[in-house]
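S.K.: structure for the following, please:
(one chain, ligands or ions: 1)
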Amino acid sequence: MNSNQKSETWLVTGASRGIGLEMVKQLLSLGRTVIGACRNPDGARDLWEIQSDYKTRFRPLQLDVSDSASIDAAAKSLSNTRVDVLVNNAGILRGAAEPLSTLNIDDVIKSFVVNAIGPLQVTRAFLPHLQMSSAPKVIQVTSRMGSIDDNKSGGYYGYRMSKTALNMFNRSFAADYKTITTIVMHPGWVKTDMGGHGATAETYDSVKGMLSVIDGLSLGDSGRFLDYRGQDIHW
Ligand SMILES: NC(=O)c1ccc[n+]([C@@H]2O[C@H](COP(=O)([O-])OP(=O)(O)OC[C@H]3O[C@@H](n4cnc5c(N)ncnc54)[C@H](OP(=O)(O)O)[C@@H]3O)[C@@H](O)[C@H]2O)c1
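M.R.: Numbers count the residues shown, from 1 in each chain. Modelled structure (predicted):
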């Protein structure tokens with residue numbers, strides 16, 4: 001890590017638990033400044049502690065990625081704040097085991113709203129903050145389950161479709177914003193509320209890997225689909 005990276009400001013969505021919370025912790029221990037965005041900062045107990053430990057380098061931010069007014073208010077509350085790295089991490093997995101015949105369409109719609117349209121809106125709202133950075137990066141936390149090529153087992157309709165849509169959003173974004181380094185990243189199958197106990201990766205290892213890959217990214221990587229070890233994933 002160079003001294004420029006140390007002074008970076010990161011904005012992480014879904015910071016209340018799981019991968020987002022672990023990312024906030026590791027970034028702070030690496031000396032970065034972090035804005036931890038979550039739906040309900042008053043209810044996010046783990047973030048209270050972090051806030052008292054890192055008074056000058058951590059800032060909580062109310063942000064519901066499914067609510068346009070919340071996104072706009074969050075971006076406005078940070079006006080004139082530079083964001084070097086935006087990590088669109090917040091996500092949901094709804095109706096995972098449901099077969100097509102009984103699939104709740106509201107779950108599919110909600111998956112799109114949170115997992116695909118949310119990151120699009122958050123990215124757009126924070127463009128002015130990113131454009132204050134000399135080397136801005138946007139990381140969309142996707143899933144291997146959004147890979148069409150990799151889908152041999154079916155199911156997970158809403159989740160898979162929403163992550164594929166997120167991947168497509170990012171390809172257009174990468175093509176249109178050539179001064180921003182932006183990728184979609186699979187964190188592995190991770191032991192969180194979403195990933196469950198049977199997952200293969202510890203949260204610590206997933207995030208450590210992700211941060212190492214993100215630190216090493218440059219503009220030439222824009223538009224790629226990588227995992228937390230830096231391996232390319234087929235679309
Ligand atoms: N775990 C895995 O194996 C795995 C694998 C592939 C990809 N991923 C992706 O990794 C990301 C993080 O997953 P995770 O495993 O850490 O999941 P998690 O433990 O379920 O945590 C999800 C996070 O997203 C937040 N969130 C949900 N809806 C939100 C909304 N409308 N606005 C703002 N925040 C919202 C949650 O906040 P609340 O506390 O307020 O609910 C929570 O902080 C997701 O995008 C997920 O799809 C995970």
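
S.K.: alpha carbons only for contacts and neighbour counts from here, please
M.R.: Will do.

S.K.: next up, the contacts around Asn88.
M.R.: Residues in contact with Asn88 (Cα atoms under 8 Å, 6 or more residues apart in numbering) are Val12, Thr13, Gly14, Pro119, Val122, Thr123, Val138, Ile139, Gln140, Val141.

S.K.: tell me the residues of this structure that contact the ligand?
M.R.: Counting by Cα under 6 Å from any ligand atom, the positions of the chain adjacent to the ligand are 14-20, 38-40, 63-66, 89-92, 114, 141-143, 186-195.

S.K.: filter the residues you listed to the buried ones?
M.R.: Buried positions within the residues of the chain next to the ligand, assessed by neighbour count (16 or more other Cα atoms under 10 Å), are 14-20, 38-39, 63-66, 89-92, 114, 141-143, 186-192, 195.

S.K.: quick check: Ser111 touching Gly95?
M.R.: No: Ser111 is beyond contact range of Gly95, at 9.5 Å (criterion: Cα atoms under 8 Å).

S.K.: between those two, who's got more neighbours?
M.R.: Ser111 (26 against 20; other Cα atoms under 10 Å).

S.K.: quickly find the element holding the more buried one.
M.R.: Using DSSP states H and E, Ser111 sits in helix 105-112.

S.K.: which element follows that helix toward the C-terminus?
M.R.: Toward the C-terminal end, the helix or strand that comes next after helix 105-112 (DSSP H and E) is helix 118-125.

S.K.: what average pLDDT does the helix with the most length in the chain get?
M.R.: Longest helix in the chain, counting residues (DSSP state H): helix 157-176. For helix 157-176, the mean per-residue pLDDT is 98.

S.K.: with just CA atoms, put whatever helix or strand comes next after it into CSV.
M.R.: Using DSSP H and E, the helix or strand that follows helix 157-176 in sequence is strand 181-186. Output in CSV follows, covering the C-alpha atoms of strand 181-186 (Å, rounded to 0.1, in the frame of the first residue of the first chain):
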residue,chain,number,x,y,z
THR,A,181,-11.7,2.2,-12.6
THR,A,182,-14.8,0.0,-12.1
ILE,A,183,-15.3,-3.8,-11.9
VAL,A,184,-17.8,-6.3,-10.6
MET,A,185,-16.4,-8.5,-7.9
HIS,A,186,-17.5,-11.9,-6.5
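
S.K.: for the next helix or strand after strand 181-186, give the mean pLDDT please.
M.R.: The helix or strand immediately downstream of strand 181-186 is helix 203-215, counting by DSSP H and E. When pLDDT is averaged along helix 203-215, the result is 98.

S.K.: and helix 203-215, how far from the chain's centre?
M.R.: Put simply, helix 203-215 sits 12 Å off its chain's centre (Cα atoms, centre = their mean, to the nearest Å).

S.K.: just to revisit the earlier point, could you give the angle of the helix holding Ser111 to helix 118-125?
M.R.: Going by axes from the mean of the first three to the mean of the last three Cα atoms, to 10 degrees, helix 105-112 is angled at 30 degrees with respect to helix 118-125.
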